[in-house]
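**Q** Predicted model follows, preceded by the sequence.
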Amino acid sequence: MATYLIRHTPRLSGEVEVSTAKNAVLPILAAGLLTEDPLIIKEVPRITDVETLVSILRDCGAEVNRSGADLSVCALQPQSPQNEERMRKLRASILILGPILARTGSACVGLPGGCAIGQRPIDLHLKGLQALGAQGHPLGGMRQLSGRLTGARIYLDLPSVGATENLMMAAVLAQGNTVIENAAKEPHIVDLANFLNSMGADIRGAGTDTIKIRGVEHMHGCNYSIIPDQIEAGTYMVAAAATDGNVLIKNVIPKHLESISAKLLEIGCEIEESDDAVRVVASKPLTHTHVKTLPYPGFPTDMQPQITVTLGLSKGTSIVTESIFENRFKYVDELTRMGANIKVEGNTAIIDGVPGYTGASISAPDLRAGAALVIAALAAEGITTIDDIKYIERGYEDFHLKLASLGAQIDKISTE
Ligand code: UD1
């Protein structure tokens with residue numbers, strides 16, 4: 001068990017380098033199950049979600065090794081995982097279903113878990129795989145699917161990121177052509193498609209709402225470099241805004257950050273973009289705005305808690321509407337204990353900006369809300385302790401060290 005101890009940090013300043021994207025790395029590692037050839041994935045972040053998925057892949061018979069920053073994956077004879085408990089630790093564990101089914105003709109997996117931010121069903125994954133010809137049934141807490149996959153036209157009721165990824169990975173080895181309509185368009189969908197194409201797949205249209213896949217017989221190995229983490233970058237951008245900071249965030253794709261930059265500009269920050277970096281300067285008092293989370297290119301739900309924390313310190317009344325997950329304002333109770341004035345009604349938070357927060361003893365309820373509470377603590381007068389930082393460590397590499405390099409007064413304390 002570990003806790004962050006955070007003291008008031010009036011101004012974050014300096015430069016910070018963003019790691020590769022968690023939400024791209026996870027499906028790409030799962031896609032390693034599609035070939036018997038070795039794959040090298042460059043610069044994989046040291047976060048616990050990656051560690052958990054690696055242990056699931058090993059349970060599936062894959063050999064996964066770290067060499068410095070890189071991971072190698074080799075899945076000679078993949079099989080369904082034996083350890084159901086591990087599957088529950090991670091929502092993205094469901095992403096092994098498509099690859100194992102496509103490669104071996106049958107898969108039996110435990111139902112996934114992950115951060116408690118809403119129901120998170122997998123019906124769209126299952127419906128899509130069934131449209132590709134898989135037949136299956138629940139088996140205790142498990143899902144059994146089998147069948148030779150053939151291409152099909154699949155319409156997703158919602159542009160689910162995970163379902164789009166699972167179906168792309170299944171369809172690359174299906175016989176014939178697949179079209180996924182109303183597909184998710186997130187940057188990590190495009191990255192997964194690029195990775196699969198580097199393995200020999202034939203995917204077109206990733207990044208639009210129609211993805212076309214021509215099935216191939218065989219996938220092969222490759223070396224691949226993953227995109228930078230949009231949400232990690234956004235978190236440091238918002239941290240700069242909330243602390244009157246001046247921070248250069250390096251190793252980013254500014255295009256992926258447009259919706260975040262637009263909101264920070266609206267509330268009074270200055271944003272300077274270059275090819276692979278973005279600077280956020282907050283030199284004047286911030287003002288209110290409205291934010292609604294939407295699928296990409298809209299404002300990401302994974303940035304909702306961080307922007308809410310910042311709007312809690314901005315003059316006037318802001319409204320944040322969460323339209324992706326139904327239970328993503330749980331952290332507001334903790335923020336209220338730090339002095340925020342926020343009322344949650346259904347999927348909407350009405351935020352009356354306060355001049356400042358005060359330190360408190362709080363807990364991280366999930367990954368992104370945990371990061372948001374760290375930002376609140378940096379801006380708060382006094383000392384804050386944050387428990388349950390294991391959630392934050394699921395998705396942020398060296399979070400406290402990177403913040404400390406920007407001048408944050410943050411220590412990680414082991415409470416064993
Ligand atoms: C991914 C991201 C997560 C992000 C989310 C939305 C990864 C590893 N995780 O999660 O960080 O918050 O996208 O951008 O990439 N839904 C269904 N049925 C399904 C699948 C989803 O109803 O079968 C619903 C969900 O309950 C949710 C919405 O669709 O309301 C979006 O979920 P989805 O895009 O699938 O999110 P994840 O892939 O789980």
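**A** Received, thanks. As the structure is a computational prediction, the values presented were derived from the model and not from experiment.
**Q** Could you pull up phi and psi at the closest residue to the ligand within the chain?
**A** Ranking the residues of the chain by distance to the ligand (CB to the nearest ligand atom) places residue 162 first, at 2.8 Å. Backbone N, C-alpha and C define where each C-beta goes, glycine included. Residue 162 adopts backbone torsions of phi -60, psi -40, taken as degrees, to the nearest 10.
**Q** got a list of what it touches?
**A** Contact partners of residue 162, counting by CB atoms under 8 Å, 6 or more residues apart in numbering, are 91-92, 94-95, 122, 125.
**Q** do the same with residue 156
**A** By CB under 8 Å, 6+ apart, the contact list for residue 156 reads 124, 128, 163-164, 180-184.
**Q** Can you check the pLDDT for it?
**A** At residue 156, the predicted lDDT confidence score is 98.
**Q** Identify the residue spatially nearest to it, adjacent ones excluded.
**A** Using CB to CB, 6 or more residues apart in numbering and skipping residues adjacent in sequence, the residue nearest residue 156 is residue 182, 4.5 Å away.
**Q** wait, the one you found sits on residue 160?
**A** No - judged on CB atoms under 8 Å, residue 182 makes no contact with residue 160 at a distance of 9.2 Å.
**Q** So if I had to pick from the two, which one is more boxed in?
**A** Taking residue 182 and residue 160 together and counting by other CB atoms under 10 Å, residue 160 has the greater number of neighbours (23 against 17).
**Q** so that one touches residue 184, yeah?
**A** Yes - assessed by CB under 8 Å, residue 160 is found in contact with residue 184 at 6.2 Å.
**Q** can you pull out the helices in the stretch 1-150 of the chain?
**A** Applying DSSP state H, counting those that start in this stretch to the stretch 1-150 of the chain gives helices spanning 22-31, 48-59, 84-88, 97-104, 123-131.
**Q** Could I get the buried residue list for the third one?
**A** Meaning helix 84-88. Residues of helix 84-88 classed as buried: 84, 86-87 (neighbour count, 16 or more other CB atoms under 10 Å).
**Q** And for stretch 278-291?
**A** By neighbour count on 16+ other CB under 10 Å, the buried set for stretch 278-291 is 278-282, 286, 288-289, 291.
**Q** ditto for stretch 260-271
**A** Of the residues in stretch 260-271, those buried under the neighbour-count criterion (16+ other CB under 10 Å) are 260-261, 263-264, 267-269, 271.
**Q** pLDDT score for residue 141?
**A** If you check residue 141, the pLDDT there is 69.
**Q** Apologies, that question was intended for residue 403.
**A** The per-residue pLDDT reported for residue 403 equals 98.
**Q** Assumed it was part of a helix.
**A** Yes - with DSSP: H, G, I helix; E, B strand; the rest coil as the criterion, residue 403 is assigned to a helix.
**Q** That one touches residue 371, doesn't it?
**A** No - contact criterion CB under 8 Å: residue 403 and residue 371 do not qualify, at 9.9 Å.
**Q** Next, the contact list for the residue nearest to residue 156, please.
**A** 155-159, 209.
**Q** and the two most separated of the residues you listed?
**A** Largest separation among the contacts of residue 182 by CB to CB: 157 and 209, giving 12.9 Å.
**Q** So between these two, which is more surrounded?
**A** Between residue 157 and residue 209, counted using other CB under 10 Å, the more crowded position is residue 209 (15 against 10).
**Q** still on that earlier bit, mind putting the buried residues of helix 84-88 into JSON lines with pLDDT?
**A** Formatted as JSON lines, the buried residues of helix 84-88 follow (pLDDT from 0 to 100):
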{"residue": "84", "pLDDT": "77"}
{"residue": "86", "pLDDT": "80"}
{"residue": "87", "pLDDT": "81"}
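**Q** and of those residues, the nearest to residue 8?
**A** Each of those was checked against residue 8 using CB to CB; the closest is residue 86, at 39.6 Å.
**Q** ok, that closest one - contacts?
**A** Residues counted as contacts of residue 86 (CB under 8 Å, 6+ apart) are 52, 55-56, 59, 93, 110.
**Q** do the same with residue 36
**A** 74-77.
**Q** correct me, but residue 178 touches residue 151?
**A** Yes - taking contact to mean CB under 8 Å, the distance of 4.2 Å between residue 178 and residue 151 places them in contact.
**Q** Quick check: neighbours shared by the two?
**A** Both residue 178 and residue 151 are in contact with 132, 171, 213, 215, where contact means CB under 8 Å, 6+ apart.
**Q** ok, residue 195 - how many residues close by?
**A** The criterion is other CB under 10 Å. On that basis, residue 195 has 22 neighbouring residues.
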